[in-house]
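Asker: Got a predicted model here, sequence first, then my questions.
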Amino acid sequence: MAGYTREVARRIFAQEFRESNLSFKDGDDQYAPQYLLTPTGAKVNRIFIVGTLIEKEDIGTDSEYWRGRVSDPTGSFLIYAGQYQPEAAQVLAECETPAFVAVVGKPSTYTTNEGDVLTSVRPESLHIVDGQTRDMWVIETAKCTLDRIKELDGSSPNAQRAKEYYDPDTKHYSSMVSQALKSLKETY
Amino acid sequence: MKQLAQEISARFSELGVEIPIGEIEERLDKMINKFKVPREEARRSVVNYFLKSYNIKRNEFYTGQSESPLINISDVDDGKWANIRGKIVQLWDNTHESISQVGLIGDETGTIKFTIWESAGVSTVEEGKSYLLKNVVVNEWNGKFQLNVNKSSSIESLDEEIEVGNATVEFRGAMVDIQSGSGLIKRCPECNRALTKGACMEHGKVDGVYDLRIKAVMDDGSSIQDAIIKRDLVEEVTGMTLESAIALAADALDQGVVLEKMKDSLVGRYYNVKGSRVDRYLIVESISPIFAYDASELGELIAAAEVI
């Protein structure tokens, strides 16, 4: 199909997202999309997260700028929403914590003076959901992550690039997935 | 070269035309040896020359040389030649003098646009009848495939009735976005098109009729699917009726609140949608929220994670 196609929202656990630091553009064009490559080889331009909003804070000086922390079974994502994410900022302003939220957003990276790369999410939308949706997200993300781990030895360019750059320990990520899945059993 | 000349001569004699082989050879020789034309080009040129001088149609000469495969409409591919069995679903007004007929043809697997070019010189087709289109070529235009009936194609009418199917597709995933043009909308009373800023593309400024619809983006983590949800299903899935949506909008003096409310109740949740695919959209015929995961799937995944 010619022309524009919407980027798929990838499913990544917080731990893997936090351990990602390879950010690049496809092509030199000014408007070329920005991607984040994760250790299991997900090429992320959009991400879908369902988790628990555990903290929120308005860190803006002049205008509102909301920082939220969304936790999943493996860690937490940082969410930043300001005036250019009005819908998400409004929900953050009005909601109570803790709450189950679904976030669709773009990954963004920030490099500190020490050279560490911090990852966060700039939400396109943020909505309050229920616990079942969160559990289904965990299952789905586990499945997507396992599929990627299995693909790491394959020939796809993303997998090869991830292997070359991160040299990922597959045990590390499979036990992360396993831990996330087992946490679902504990809740019930 | 002798062989080439004999091949050409043999093909012409099948059509009942005897050409002195010397004449063919002489032309070939001139092309290939004197003017350094590649063999295949020379052959084509010589054939064309004799076709012209004996007034034979090109497609008569070339037919039967390669039979196109019979394929389903859902399997057509850009640039391929094909035979298609299908029923004429619709004929459209043709827009150009070089086009004889244009419309939509369908088989069990889907529908596709076809164009019968004037130059094809074939008899016309009728809406609702089934035909076998032989030797048509597929190309892509505006991101969609279409069939071209050209001068090497032929059309045979079929006695059987072909069932036009819209292969139903199912998509399971999270609704990650609801696009503009959703919620409480107005439609043109004449043509049912959605109005933009109170005007219809075709009929200009009209008094619109209220309707509900959702253009949703579904995403399963590896692919996306645009889905259009019509009023009855929107009412079912949001619990909001057209009347209550109109009342809500009237209270807020803004149609946008309906969309906001729909987003709040739908986006970020998992659904199973079924329907037929039209272009990039899935026209939803049934939608059901997924409330819980499958416990056996959890067990399987844990086991799968252990073995890596």
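Answerer: Okay, I see it.

Asker: Any stretches of the stretch 101-250 of chain B with poor pLDDT?
Answerer: B:166-167 (pLDDT under 70).

Asker: Let's see that with 80 instead.
Answerer: B:142-143, B:163-168 (pLDDT under 80).

Asker: quick check: mean pLDDT across the helix or strand harbouring residue B:12?
Answerer: Taking DSSP states H and E as the criterion, residue B:12 maps to helix B:2-14. On average, the pLDDT along helix B:2-14 is 84.

Asker: Centre of the chain to it, how far?
Answerer: The chain centroid and the centroid of helix B:2-14 are separated by 41 Å, computed with C-alpha atoms, centre = their mean, to the nearest Å.

Asker: Are there helices or strands packed against it, and which ones?
Answerer: On a contact count with 3 or more C-beta pairs under 8 Å, 6 or more residues apart in numbering or on different chains; DSSP states H and E, helix B:2-14 meets helix B:21-29, helix B:39-53. (Each C-beta comes from the backbone N, C-alpha and C, glycine too.)

Asker: Identify each buried residue in the first one, please.
Answerer: Pointing back at helix B:21-29 there. For helix B:21-29, a neighbour-count test (16 or more other C-beta atoms under 10 Å in any protein chain shown) marks B:24, B:25, B:27, B:28 as buried.

Asker: for the closest residue to the third one other than its chain neighbours, what are its contacts?
Answerer: Which is residue B:27. Ranked by C-beta to C-beta, 6 or more residues apart in numbering or on different chains and with sequence neighbours excluded, the top spatial neighbour of residue B:27 is residue B:46, at 4.9 Å. Residues near residue B:46 by C-beta atoms under 8 Å, 6 or more residues apart in numbering or on different chains: B:8, B:24, B:27, B:28, B:31.

Asker: Tabulate these in CSV, adding columns for distance to residue A:7.
Answerer: Below are the contacts of residue B:46 laid out as CSV (distance: C-beta to C-beta, whole Å):
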residue, distance to residue A:7
B:8, 55
B:24, 60
B:27, 59
B:28, 57
B:31, 54
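
Asker: Out of those, which is nearest to residue A:63?
Answerer: Of all the contacts of residue B:46, the one with the least separation from residue A:63 (C-beta to C-beta) is residue B:31, at 77.5 Å.

Asker: In chain A, what residue lies closest to chain B?
Answerer: When distances are taken as C-beta to the nearest C-beta, chain A reaches nearest to chain B at residue A:102, 2.4 Å away.

Asker: Return the distance of that residue relative to residue B:224.
Answerer: 16 Å (C-beta to C-beta, to the nearest Å).

Asker: Those two: which is more packed in?
Answerer: With neighbours defined as other C-beta atoms under 10 Å in any protein chain shown, residue A:102 and residue B:224 compare such that residue A:102 has more, 26 against 21.

Asker: Might one say that that one is in contact with residue B:264?
Answerer: No - here residue A:102 does not reach residue B:264: they are 10.7 Å apart, not a contact under C-beta atoms under 8 Å.

Asker: what's the overlap in contacts for those two?
Answerer: residue A:127.

Asker: what number of residues lie near residue B:208?
Answerer: By the criterion of other C-beta under 10 Å, residue B:208 has 17 neighbours.

Asker: Over to residue B:251?
Answerer: Residue B:251, neighbours per other C-beta under 10 Å, totals 9.

Asker: Which secondary structure element is home to it?
Answerer: Going by DSSP H and E, residue B:251 is part of helix B:242-252.

Asker: thinking again about what came up before, my read is the residue of chain A closest to chain B is in a helix, agree?
Answerer: No - if the criterion is DSSP: H, G, I helix; E, B strand; the rest coil, then residue A:102 is strand and not within a helix.
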